[in-house]
Each structure stands twice: as structure tokens, then as C-alpha cells.
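In: take a look and give me a structure for this.
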Amino acid sequence: MIGWRYGTGRRKRSVARVFLTTAACTAVIVNGMPLGLYFRSASHARHAAAPLHAAALHAVVKANVQGGGMGGQAGAVRLGISRALACLSPCLRRPLADARLLTRDQREVERKKPGLRKARRRRQFSKR
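Out: This is a model prediction of the structure:
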């Protein structure tokens with residue numbers, strides 16, 4: 001076994017600290033729970049584990065994630081795993097970059113403006 005590698009992932013308001021090492025089988029633990037139990041939605045679990053499938057690597061992953069919602073946390077774990085894999089083996093950097101897994105998703109919630117109901121939603125206009 002090679003030593004543990006570390007990667008930080010951020011998405012919206014979520015921050016994930018990910019520790020990864022190679023192993024005979026894949027096990028992903030998020031906040032002390034298996035990946036499928038922590039992310040109840042199968043799409044969120046698939047989204048978070050995408051870097052392991054792209055790299056075709058068996059690894060033990062331990063992630064601590066906080067803040068935001070489930071979608072943001074899944075994205076943060078995904079980026080953290082990708083960065084830890086790139087640190088573990090530089091030859092994995094190209095396949096991860098080709099799959100766009102090393103790029104942070106910069107989209108954030110737009111702030112609410114004064115005089116509006118939401119960020120862009122105005123009151124309904126009545127001509128008569």
C-alpha cells in the first residue's frame with residue numbers, strides 16, 4: 001500500500017477533505033458512512049464516485065464534508081477525489097483532465113437584489 005494522499009474539493013458552500021490510498025477493492029466512506037448510505041440519491045453517489053471510474057482504480061477513500069446541500073457535497077467530494085488521485089499518480093492527471101474532473105465548478109447562488117423578490121424575479125406588472 002502506498003501512503004495516504006490528500007485532496008480538497010469545494011462546490012457551492014460545501015467543502016470536502018478527502019484522503020485516498022490504493023487497495024485491493026474500492027471503499028468510499030463519507031462522514032463515517034458508506035457512499036450509498038450517505039448520498040441517498042443514486043445519482044449523487046454516482047456523481048461523487050465518477051473519478052474512480054474514470055481512473056479505473058481501486059482505492060479506499062475517506063471524506064469529511066460539511067456545508068451546503070447534498071448536490072454541492074457530492075460535487076465537493078468528486079473534486080477532492082480527483083485531486084487526490086492526481087496527487088497519487090501523475091499519469092492519472094491526463095484522463096481526469098480529459099473527463100473534466102479536475103475543474104472546479106465556479107457557479108454560485110446569485111445574491112438577492114433590493115426591490116426584487118429573488119435574485120431576478122420582479123413583482124408582476126399590471127398595465128391596467
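In: and the nearest residue to residue 24 once chain neighbours are set aside, what is it in contact with?
Out: Distances taken as C-beta to C-beta, 6 or more residues apart in numbering place residue 58 nearest to residue 24, at 6.3 Å, with adjacent residues excluded. Where you see a C-beta, it was placed from the backbone N, CA and C, and this is true even at glycine. By C-beta atoms under 8 Å, 6 or more residues apart in numbering, residue 58 lies in contact with 22, 23, 24, 25, 26, 52.
In: repeat the analysis, applying 10 Å as the threshold.
Out: When contacts are counted by C-beta atoms under 10 Å, 6 or more residues apart in numbering, residue 58 touches 22, 23, 24, 25, 26, 27, 52.
In: now do it, the pLDDT please.
Out: With respect to pLDDT, residue 58 has a value of 87.
In: residue ranges with poor pLDDT in the protein?
Out: Filtered on pLDDT under 70, the chain yields the residue ranges 1-2.
In: please enumerate the strands of it.
Out: For the chain, strands defined by DSSP state E occupy the ranges 5-11, 14-22, 27-30, 33-34, 59-66.
In: of all those strands, which lies closest to residue 98?
Out: Comparison of the strands of the chain against residue 98 by C-beta to C-beta identifies strand 5-11 as nearest, at 18.2 Å.
In: and the angle from the closest one to strand 14-22?
Out: 150 degrees (axes from the mean of the first three to the mean of the last three C-alpha atoms, to 10 degrees).
In: run a quick neighbour tally on residue 116.
Out: As a burial measure, residue 116 scores 11 neighbours (other C-beta atoms under 10 Å).
In: quick check: closest non-adjacent residue to it.
Out: Distances taken as C-beta to C-beta, 6+ apart place residue 122 nearest to residue 116, at 5.7 Å, with adjacent residues excluded.
In: repeat that for residue 36.
Out: Nearest in space to residue 36, with sequence neighbours left out and distances taken as C-beta to C-beta, 6+ apart, is residue 45 at 5.4 Å.
In: done for today, thanks.
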